[in-house]
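>>> next input, structure requested:
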Amino acid sequence: MAEKVRDYPKLAGDILEAVGGEENIVNATRCATRLRLVLKRSKPSAKQEVNSLPGVITVVENNGQFQVVIGQHVGEVYDEFAKLVNLDTSDADEDTPKGSILNRVIATMSAVFAPFIYILAAAGILQGALILINLPFPSFEDTSTYQVISFISWAPFTFLPIFIAITASRHFKSNMYIAVAATAALVSPDWATMAASIGEGNSMNFLGMPLTETTYTSSVLPPLFLVWILSYLERFLNKRIHEVVRPIIVPLLSILIMVPLTLVVIGPITTLGANGIANGYNFLAEYAPWLAGAIIGAFWQVIVIFGVHWGITPLALANYDLYGRDSFQAYQTIAVIAQVGAVIGVILKAKSKEVKRIGTSAGITGLFGITEPAIYGVTLRFKKPFIIGCISGAVGAIVASFFNPFYFAYAGLPGPLTIVNGINSEYPMSIWGILIGVAIAIVLPIILIQIFGFGEDAAAQADSSVAADKKDAKAEVSAAENNEEVVHAPLSGKLLALEQVPDEVFSSGAMGKGLAIEPNENKVYAPFDGTIVMLAPTKHAIGLRSMSGAEVLIHVGLDTVKLHGEPFTLHVKEGDRVKQGDVLSEFDSEAIEAAGVQTITPIIVTNPANYKEIIIDDTETTTQGNDLLTVVK
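Numbers count the residues shown, from 1 in each chain. Below you'll find the model as predicted:
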């Protein structure tokens, strides 16, 4: 699993190689759990290759991005990836895949907010802590200690435009220092004083153009649009101003143009737009709160799957800025906790220690509002728990909607730790609604999964206590359904249980169900009649699909990708039809071992969810061509 990987430079390098190298990278950003890449050309085998890397949870291709889901260590991988990639911005306009307007907006929101979301989350938790302390000690609010902690917690939101200037300047390829200088002017106390004066009825203008009372602390769209337009202005000025005076004149003209332009035009218009979007949602939440809750509770995690959830951030922030509260994040919390509840249900129902271990790890990250490990590692993997989680989230949010639930402090990552943000003396029923909704969201999926199970794939991962009955089970299922296929041994050698393989990505079962062979020969044979669907560029891994649809990965050696294909000779190519027993590849085991790499070869069924049972041969050794695995539909 991702959290066990510590060789981040290697993982970054392997990802870069798999997607086509530095020359194929247009842009690279990250969010809380994903490395987001924009590629010039989509390499057909890239998704499967990256999926197979230790430390990668899964890969999602959406919104013009190649999204590598890594988990909590994505920051370390991104830092190493950034060292390997030197983005050339001179021809970015020509090479960058544009995609739809919606895709570009979502990609921008992700690139802008993801790098500092943990800062906002930390500040939100700090505000929640103050709420909790004030409950038993209301006088604490009158102390200077409270005031210090309070302004610390609000500082990231007050100066949010400056955070946006930093990340947006990277995304739009603008000068970061010019962007910061311009947005700093927007949050200047002097402008706040002038805006307050305008609000009191005093008329002010800039070169005859009227100024409005709009302020920009905690704002999102005004600084974002400022930096976007600034990027075009900079390019225009850089092409036309002599290089001798360019370092001074470009910042001077940029600030003189962009700050007044934002105060007079960009700021009022974008603020009106942001408030309009927030008010549109608030209209639904006010007049049909059950519907708003149902939609968010049911579909929020679907949005997360495709990595487009950052697009909602301006809505929530606008609500806090306008009204000091937001119901969207209250419903988000219920949706998040519903997936945590589904994971708990799977843990309680599963017989496999492996499933329990993966579920426990995913559930812990879910406590912090990060559900990707829970989704990709457990609930979506078995499908049924994900659907149950979405239904439970909808039910919990609908019930909560009758209590007028709100969050009163921004939660960067809504989840169990941010529930206290729903406490407010003016809305005493808010927290009760959230708590009731959360209780439903966590208990309902547990009950439903105990009743309906979480997918027949669980039988394929049964605990070792039933291993002795596998052969009998094979005969019974075969007789009852007569719908099975045998995967033959692709080489000869000693058999190892998958959990004995000293590589977490295989032993954890993240790749699928199977076993491993310590080979005593140097040839790999086709395990069935089928098609070659994947060949690793470094020749060490072969993916096949049988005539009936079983997908099998043969991974010769552990960490053999670093040998760059030298000890391997392929006898097939992608798309080839093969017969059981055909030679697929040869390898030099002595050369592999001399490089300090083990030849242990995992044989994995990578689509186990398509089968009711995967029966594994329990002998100590095997010979090429012997029965190895039996997949039963």
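
>>> which stretches of the stretch 351-500 of the chain form helices?
353-366, 372-374, 380-382, 384-401, 428-452, 457-460, 470-481 (DSSP state H, counting those that start in this stretch).

>>> out of those helices, deepest packed?
Of the helices of the stretch 351-500 of the chain, the one with the most neighbours on average (mean count of other Cβ atoms under 10 Å) is helix 372-374, at a mean of 29. Using the backbone N, CA and C atoms, a C-beta is placed for each residue, glycine as well.

>>> mind putting the helices of the stretch 351-500 of the chain into a markdown table with mean pLDDT?
Shown next, in a markdown table, are the helices of the stretch 351-500 of the chain (pLDDT from 0 to 100):
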| stretch | mean pLDDT |
| --- | --- |
| helix 353-366 | 80 |
| helix 372-374 | 78 |
| helix 380-382 | 82 |
| helix 384-401 | 95 |
| helix 428-452 | 95 |
| helix 457-460 | 44 |
| helix 470-481 | 39 |
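
>>> quick one: closest of those helices to Gly581.
Evaluated over those, closeness to Gly581 peaks at helix 470-481, with 22.4 Å, by Cβ to Cβ.

>>> export stretch 394-404 as CSV, just CAs?
Only the C-alpha atoms of stretch 394-404 are listed here, as CSV (Å, rounded to 0.1, in the frame of the first residue of the first chain):
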residue,chain,number,x,y,z
ALA,A,394,-28.3,10.3,1.4
VAL,A,395,-30.5,8.9,4.2
GLY,A,396,-28.4,10.5,6.9
ALA,A,397,-28.3,13.9,5.1
ILE,A,398,-32.1,13.9,4.5
VAL,A,399,-32.8,13.3,8.2
ALA,A,400,-30.2,15.9,9.2
SER,A,401,-31.8,18.5,6.8
PHE,A,402,-34.9,18.7,9.1
PHE,A,403,-32.7,20.2,11.8
ASN,A,404,-31.3,23.1,9.8
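
>>> re the thing from before, Ala28 is nearest to which of the helices of the stretch 351-500 of the chain?
Each of the helices of the stretch 351-500 of the chain has some distance to Ala28 by Cβ to Cβ; the shortest is helix 372-374, at 18.4 Å.

>>> ok, residues contacting that closest one?
Surrounding helix 372-374, the residues in contact under the criterion Cβ atoms under 8 Å, 6 or more residues apart in numbering are 1-2, 33-34, 57, 69, 71, 304, 339-340, 342-343, 361-363, 365-366.

>>> and those, which are buried?
Neighbour counting over the contacts of helix 372-374 (16 or more other Cβ atoms under 10 Å) leaves 1-2, 33-34, 57, 69, 71, 304, 339-340, 342-343, 361-363, 365-366 as the buried ones.

>>> of those, which belong to strands?
Among the buried ones among the contacts of helix 372-374, the subset assigned to strands under DSSP state E consists of Arg34, Val69.

>>> what about the closest residue to Ile164 other than its chain neighbours, distance to Glu354?
Using Cβ to Cβ, 6 or more residues apart in numbering and skipping the chain neighbours, the partner closest in space to Ile164 is Pro223 (4.5 Å). Distance, Pro223 to Glu354, using Cβ to Cβ, to the nearest Å: 47 Å.

>>> between the helices of the stretch 351-500 of the chain, which one is nearest to Asn238?
Of all the helices of the stretch 351-500 of the chain, the one in closest proximity to Asn238, counting by Cβ to Cβ, is helix 372-374 (39.6 Å).

>>> what about that closest one, distance to the chain center?
Computed by Cα atoms, centre = their mean, to the nearest Å, the separation of helix 372-374 from the middle of its chain amounts to 8 Å.

>>> with stretch 210-228 instead?
Going by Cα atoms, centre = their mean, where stretch 210-228 is centred and where its chain is centred differ by 29 Å.

>>> repeat for stretch 254-272
The chain centroid and the centroid of stretch 254-272 are separated by 34 Å under Cα atoms, centre = their mean.

>>> same question, stretch 507-525
Relative to the centre of its chain, stretch 507-525 is centred 29 Å away, using Cα atoms, centre = their mean.

>>> and if you look at stretch 625-633?
Stretch 625-633 has its C-alpha centroid displaced from the chain centroid by 35 Å (Cα atoms, centre = their mean).

>>> how about stretch 111-131?
For stretch 111-131, the distance from its own C-alpha centre to the chain's C-alpha centre is 18 Å (Cα atoms, centre = their mean).

>>> what's it in contact with?
Residues outside stretch 111-131 that contact it (Cβ under 8 Å, 6+ apart) are 27, 29-32, 36, 146, 149-150, 152-157, 163-164, 166-168, 170-171, 224, 310, 313, 369, 408-413, 417-418, 420-421, 423.

>>> among the residues you listed, name the buried ones.
Among the contacts of stretch 111-131, the ones that count as buried by 16+ other Cβ under 10 Å are 27, 29-32, 36, 146, 149, 153-154, 156-157, 163-164, 166-168, 170-171, 224, 310, 313, 369, 408-413, 417-418, 420-421, 423.

>>> how about the contacts made by Leu84?
With contacts defined as Cβ under 8 Å, 6+ apart, Leu84 is in contact with Ala12, Gly13, Leu16, Glu22.

>>> how about the nearest residue to the last one, chain neighbours excluded?
In space, not counting the residues next to it along the chain, Glu22 is nearest to Val85; the distance is 5.3 Å by Cβ to Cβ, 6+ apart.

>>> so the one you found makes contact with Asn27?
No - Val85 sits out of contact with Asn27 when judged by Cβ atoms under 8 Å, with a separation of 9.2 Å.
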